[in-house]
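> structural data only, the sequence is not supplied:
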């Protein structure tokens, strides 16, 4: 996570290691000191724009924030959350109940590399992911296990993620995720090697004077070459406060 979660949510209460936070009318239990979602997750949920997806899957769902936001965004959709880490999986179950969407959201305690015998192929309209996007040799690995697995490719590589998305998506289904710009060329090459065509890209900047550190991408399974570049997204304005667009996507 390259953009922190400062001011991205309203902290309602604390109970030992767990906090209860609210963002866009979604209430999320998450650990005080473990992995916590950042504005990256909100940007990803906002970026997703198919008209009427009925079956959505979130790979590496964490405590469930992206999947729950999408369930709220698409009231007719059924959403699956896939999470490997036991603690985060248990929190995602609690968060599904907390937001009263147990009828439209299913959680899976599952390694993404093992979905092939568990989740049917050619089933989903939309796959999303806020995956670990640092290679093992890049940067210091966080001593906290949850944070380390969320940031570095300890349990999942880019190719494994894209291969899994191809398996679950129907033909012309969309895969949207957020990734590090230093690996932009690798992302495009890997997508195409797995029969995905990049359809839409948006670069994310801290402010107008910074370089883009992350980007959002939508790719289409077995799609045609038809790339669109969205306008750049600036998280902060010239005063160092959240930009008008950031405030808009954080609002209800």
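Perfect, thanks for sending it. Only a predicted model underlies this, so the values are computations on that prediction, with no experimental measurement involved.

> can you pull out the strands in the stretch 1-150 of the chain?
Ranges of strands within the stretch 1-150 of the chain are 10-15, 18-23, 26-31, 55-59, 78-83, 105-109, 124-129, based on DSSP state E, counting those that start in this stretch.

> note down every partner strand of the second one and its orientation.
Sheet neighbours of strand 18-23, with direction, are listed as strand 10-15 (antiparallel), strand 26-31 (antiparallel) (DSSP bridges).

> same question for that strand, mean pLDDT?
What strand 18-23 shows for mean pLDDT is 92.

> ok so, going back, least reliable of the strands paired with strand 18-23 going by mean pLDDT?
Minimum mean pLDDT among those: strand 10-15, a mean of 52.

> with adjacent residues omitted, what lies nearest to residue 55?
residue 124 (4.6 Å; C-beta to C-beta, 6 or more residues apart in numbering). In this view, the C-beta of every residue, glycine as well, is placed from N, C-alpha and C.

> right, and that neighbour touches residue 57 too?
Yes - in this structure residue 124 lies within contact range of residue 57 using C-beta atoms under 8 Å: 4.9 Å.

> where does the chain have low pLDDT?
Within the chain, the ranges that satisfy pLDDT under 70 run 1-16, 133-154, 252.

> can you name the farthest residue from the center of it?
residue 239 (28.1 Å; C-alpha atoms, centre = their mean).

> which element is it on?
If you go by DSSP states H and E, residue 239 is not part of any helix or strand.

> where along this structure do the helices fall?
In the chain, the helices defined using DSSP state H lie at 39-47, 65-73, 86-98, 145-151, 158-168, 184-193, 244-250.

> most tightly surrounded among those?
helix 65-73 (a mean of 24; mean count of other C-beta atoms under 10 Å).

> from the contact counts, what lies against that one?
Helix 65-73 sits against strand 26-31, helix 39-47, strand 55-59, strand 78-83, helix 86-98, strand 105-109, strand 124-129, with contacts defined as 3 or more C-beta pairs under 8 Å, 6 or more residues apart in numbering; DSSP states H and E.

> pairing partners for the third one, with directions?
Within its sheet, and counting by DSSP bridges, strand 55-59 is paired with strand 78-83 (parallel), strand 124-129 (parallel).

> nearest the middle, which residue of this structure would you pick?
residue 130 (2.9 Å).

> what's that residue sitting at in phi/psi?
The phi/psi pair for residue 130 (degrees, to the nearest 10) reads phi -120, psi 80.

> gap between it and residue 25?
20 Å (C-beta to C-beta, to the nearest Å).

> so residue 197 touches residue 218, yeah?
No - with contacts counted by C-beta under 8 Å, residue 197 stays clear of residue 218, the gap being 10.0 Å.
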